[in-house]
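# Requesting a structural model of the entry that follows:
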Amino acid sequence: MIEICNVSKIYENGVVALRDMSMQIPEKQRTVFFGPSGCGKTTLLRMIAGLESITSGNIRIPPSLKISFMFQNDRLFDAITVKENIAYGIDQRTLSKSDLARKVEHAARLVGVDSILEQKCKTLSGGQRQRISLARALIKEPDLLLIDEGLNSLDQTSKYELIDTLIKLQETKQFTLLYVTHDAQEARKVGQNFIEFKKEGD
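Residues are numbered from 1 along each chain as shown. Sure thing, here's the model as predicted:
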């Protein structure tokens, strides 16, 4: 279980992103952070990942958890191939070439990009890039997968197909999923648990 204990985030310019937030996030379930832009959803997700400092309070995460983060912006490397971008998600020094190739192909197949592994990422559509970002997050076989509005470049049909894939993976692999969205319909489709965020002052 992840415990958020009286967590606040106040930036140096005085902007309050989160104030005194507490919650428990169950393991091996799908939890959605839902609310409008600017209400602190992404800030909390980044603090859970260790990418953002905490002004006060604390976040308790089991120390052995493997964490993967899928960002809203894909952060792919345009000059290298899909295959190389997916492989970037894991420590390649611990794997033989054949094991690495097998893992990359498996992750790519899960999200439907196994037919374009040799293409350079600069040639791809926004939707393809988001699928590759998800594959790069999944190849690590995380215990905790964090997704920050990560499917927004997909059309609705493709988005919901990929969400169905993600749900099946979560149920099979039994990882914990934290999913950020401002879309109520998307939240209902993904989530087992829902945490609604509101802007400071609302």
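# Spit out the contact partners of the most centrally placed residue in the chain.
When Cα atoms, centre = their mean is applied to the chain, the residue found nearest the centroid is residue 147 (2.1 Å). Residue 147 makes contact with 70, 134, 137, 177, 178, 179, 180, according to Cβ atoms under 8 Å, 6 or more residues apart in numbering. Every C-beta, even on glycine, is put in place using the N, C-alpha and C of the backbone.
# was I right about the first one contacting residue 137?
Think residue 70. Yes: assessed by Cβ atoms under 8 Å, residue 70 is found in contact with residue 137 at 4.5 Å.
# Which neighbours do the two have in common?
145, 147.
# Quick check: bridge partners of the residue nearest to the centre of the chain?
residue 70, residue 179 (DSSP bridges).
# Residue 13 versus that one, what's the distance?
28 Å (Cβ to Cβ, to the nearest Å).
# and the longest helix along the chain, which residues are buried?
When the chain is parsed with DSSP state H, its longest helix is helix 156-173. By neighbour count on 16 or more other Cβ atoms under 10 Å, the buried set for helix 156-173 is 158, 159, 160, 162, 163, 165, 166, 167, 169, 170.
# and of those, the nearest to residue 103?
Nearest to residue 103 out of the buried residues of helix 156-173 is residue 169 (Cβ to Cβ; 14.6 Å).
# How about the contacts made by that closest one?
The neighbours of residue 169, taking Cβ under 8 Å, 6+ apart as the test, are 110, 138, 175.
# Looking at those residues, which are in helices?
Per DSSP H, the subset of these in helices is 110, 138.
# Residue ranges of each domain in the chain, please.
When the chain is parsed with automatic domain parsing, its domains come out as 1-66+142-202, 77-141.
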